[in-house]
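Asks: A predicted structure for the sequence below; I have some questions about it.
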Amino acid sequence: MILERQLVFSDPIYGYVRVENGFIKRLINSKFFQRLRRIKQLSGVTMVFHTAEHSRFSHSLGAYEIARRFLDIPDLKSGFSKREKELFLASALLHDIGHGPYSHAFEKVFNTNHESIGAYIITNDKEIRSILDDIDSEFANDVSSIILKKGKFPLIEQLISSQVDVDRLDYLIRDSYHTGVPYGRVDIDKITRSINIVDSKIVFKESALNTLESFFFNRYHMYWQVYYHPVGRAYEFNLEMIYRRISDLIKEGYNFSNNINFLIRVMENPYDLDAYLAIDDYYINGLINSFLYSKDEILKNLSCDFLNRKIWGYVDLDKKDLIDEIKSNFKNNEINYYCGITAVRQSIYQHSLYDTDRELFIFDDKNIVKLSEKSEIIKNLINKPNKTDDKLFYRKQNHE
């Protein structure tokens, strides 16, 4: 009898990512999943933390590996059927498959949603659909429903997307490693050992209370110190303005000297899978590089700033007189592209967001109680709100 060889990926976080299921191997080798190699995980953050060059591909493998390890948790190992285990692994692997180039900047301008597109890819891409149909005819639809959080598999949905899930656990650890900062360090083994399943709900042993508190503080600091770094936001805002200028020029019937047909097709219909497959960071970078020679001065200037790290300046919104002065220096046809406001929001513990599916529970061998009631630290944070919003006015600078 010839045993199928286990596939392993060397990984700086887990040592190895181990792939034992044949259909997972096939999903990894699919063209849409391989496309994730060509999309950076952290987009504009790389302009601040120069080693943050990892991809959505490596993060997706990491989320899968945490899911695989979660299946050794006794309550999941015995409580999940074989099919549910496969659903969990497939959903963890494919949860980011719908991301566009440079991720969130693309979604904001072109009004797309990576989860909706990802669910559509899972059910409509012939290659992925064929792989999942080999399990059963409803498997792709069920993975899609988990990605969209439709409630058919509530426990798996919690494990994929909640306050503490395989997605967040991996990206905090991985992003912390690649940016070289300490904020995202998580005791993932402690968290894993503390998980129990009670009444189809994830609960954590009381012994993990301090670890969970640390997780939320670390996540909060990762957002404000890394993900929302003002320089990274400036770079992404610059990219948003490039997308906006392209979109407006297309509407005006501008004659581009290079072929932007794939981008036009995705703008018109983000569910055009052939075009969406072709759109990645490489494609966008190539377009922006070609725009350095554009006859449109605004697009040319925006592209020059983006490719050459000419970071835009920023001021607080309360400096109204300064903002008015900055705006007055731009021409009427420039002001919609050379300046604007960005806003981000993040709190330490999202106890009310999306209601009960965001609340965590602690099990002390007698009772199940909310984390916000058990932890004095979390309770105080809820009663005394921490920093949640940050709005900045960004503008193109003269770098000559």
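Replies: Sure thing, it's come through.

Asks: can you give me the helices for the stretch 251-400 of the chain?
Replies: 261-268, 273-278, 281-290, 297-307, 320-328, 335-338, 371-374, 376-383 (DSSP state H, counting those that start in this stretch).

Asks: now do the same end-to-end measure for stretch 272-288.
Replies: 22 Å (CA to CA, to the nearest Å).

Asks: Show me the contact partners of it.
Replies: 31-32, 35, 38-40, 100-102, 117, 120-121, 124-125, 242, 258, 260-263, 265-266, 269-270, 303, 306-307 (CB atoms under 8 Å, 6 or more residues apart in numbering). From N, CA and C alone the C-beta is placed, and that goes for glycine too.

Asks: okay but Arg219 is in contact with Leu172, surely?
Replies: Yes. Proximity of Arg219 to Leu172 meets the contact threshold set by CB atoms under 8 Å, at 5.8 Å.

Asks: what is in contact with the two at once?
Replies: Contacts common to Arg219 and Leu172, judged by CB under 8 Å, 6+ apart, are Gly184.

Asks: Now restrict the contacts of stretch 272-288 to buried residues only.
Replies: 32, 35, 38-40, 100-102, 117, 120-121, 125, 242, 260, 262-263, 265-266, 270, 303, 306 (16 or more other CB atoms under 10 Å).

Asks: how close does Val97 sit to Ala90?
Replies: One thing to correct before we go on: residue 97 is Ile, not Val. 11 Å (CB to CB, to the nearest Å).

Asks: Comparing these two, which residue is more hemmed in?
Replies: Ala90 (27 against 24; other CB atoms under 10 Å).

Asks: what residues are up against that one?
Replies: Going by CB under 8 Å, 6+ apart, the list of residues near Ala90 reads 23-24, 27, 132, 139, 143.

Asks: same question, Phe306
Replies: Phe306 neighbours (CB under 8 Å, 6+ apart): 235, 238-239, 242, 288.

Asks: and if we set it to 10 Å?
Replies: 44, 47, 235-236, 238-239, 241-242, 284-285, 288-289, 291-292 (CB atoms under 10 Å, 6 or more residues apart in numbering).

Asks: Phe153 too?
Replies: Per CB under 10 Å, 6+ apart, neighbours of Phe153: 84, 87-88, 91, 142-143, 145-146, 159-160, 200.

Asks: Arg5: which of those is nearest?
Replies: Nearest to Arg5 out of those is Phe88 (CB to CB; 23.1 Å).

Asks: What strand or helix carries Val203?
Replies: Element membership of Val203 [criterion: DSSP states H and E] is strand 201-205.

Asks: And the contacts of that strand?
Replies: Contacts of strand 201-205 (CB under 10 Å, 6+ apart): 73, 75-76, 154-155, 158-159, 162-165, 190-191, 193-197, 211-212, 356-357, 359-365, 368-369, 371, 374.

Asks: go with 7 Å
Replies: 158, 194-196, 212, 360-363, 368 (CB atoms under 7 Å, 6 or more residues apart in numbering).

Asks: For Asn255, the count of nearby residues, please.
Replies: Neighbours of Asn255 (other CB under 10 Å): 6.

Asks: I meant to write Val231 there.
Replies: 16.

Asks: With adjacent residues omitted, what lies nearest to it?
Replies: Val48 (4.9 Å; CB to CB, 6 or more residues apart in numbering).

Asks: one step back: return the member of the contacts of Phe153 nearest to Ile341.
Replies: Taking the contacts of Phe153 together and measuring to Ile341 by CB to CB, the closest member is Ile160, at 32.8 Å.

Asks: That closest one contacts His95, doesn't it?
Replies: Yes. Judged on CB atoms under 7 Å, Ile160 makes contact with His95 at a distance of 5.9 Å.

Asks: Show me the common contact partners of these two, please.
Replies: With CB under 7 Å, 6+ apart, Ile160 and His95 have common neighbours Asp167.

Asks: picking up where we left off before, the helix or strand following the strand holding Val203: which residues count as buried?
Replies: Heading C-terminal from strand 201-205, the first helix or strand you meet, by DSSP H and E, is helix 209-222. Using 16+ other CB under 10 Å as the test for burial, helix 209-222 gives 209, 211-216, 218-222.

Asks: tell me the average confidence for helix 209-222?
Replies: Averaged across helix 209-222, the pLDDT comes to 92.

Asks: same for that helix, what does it pack against?
Replies: If you count contacts as 3 or more CB pairs under 7 Å, 6 or more residues apart in numbering; DSSP states H and E, helix 209-222 packs onto helix 166-179.

Asks: how about the CA coordinates for the helix or strand just after the helix it packs on, as PDB?
Replies: Helices and strands here follow DSSP H and E; after helix 166-179, the next one along the chain is helix 188-193. Taking C-alpha atoms only, helix 188-193 is exported to PDB below (Å, rounded to 0.1, in the frame of the first residue of the first chain):
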ATOM      1  CA  ILE A 188      -1.700  30.700  20.800                       C
ATOM      2  CA  ASP A 189      -0.900  27.400  22.600                       C
ATOM      3  CA  LYS A 190      -2.500  28.700  25.800                       C
ATOM      4  CA  ILE A 191      -5.600  29.900  23.900                       C
ATOM      5  CA  THR A 192      -5.900  26.600  22.000                       C
ATOM      6  CA  ARG A 193      -5.700  24.600  25.200                       C
END
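
Asks: how far does the following helix or strand past helix 188-193 sit from the chain's center?
Replies: Using DSSP H and E, the helix or strand that follows helix 188-193 in sequence is strand 195-198. Put simply, strand 195-198 sits 26 Å off its chain's centre (CA atoms, centre = their mean, to the nearest Å).
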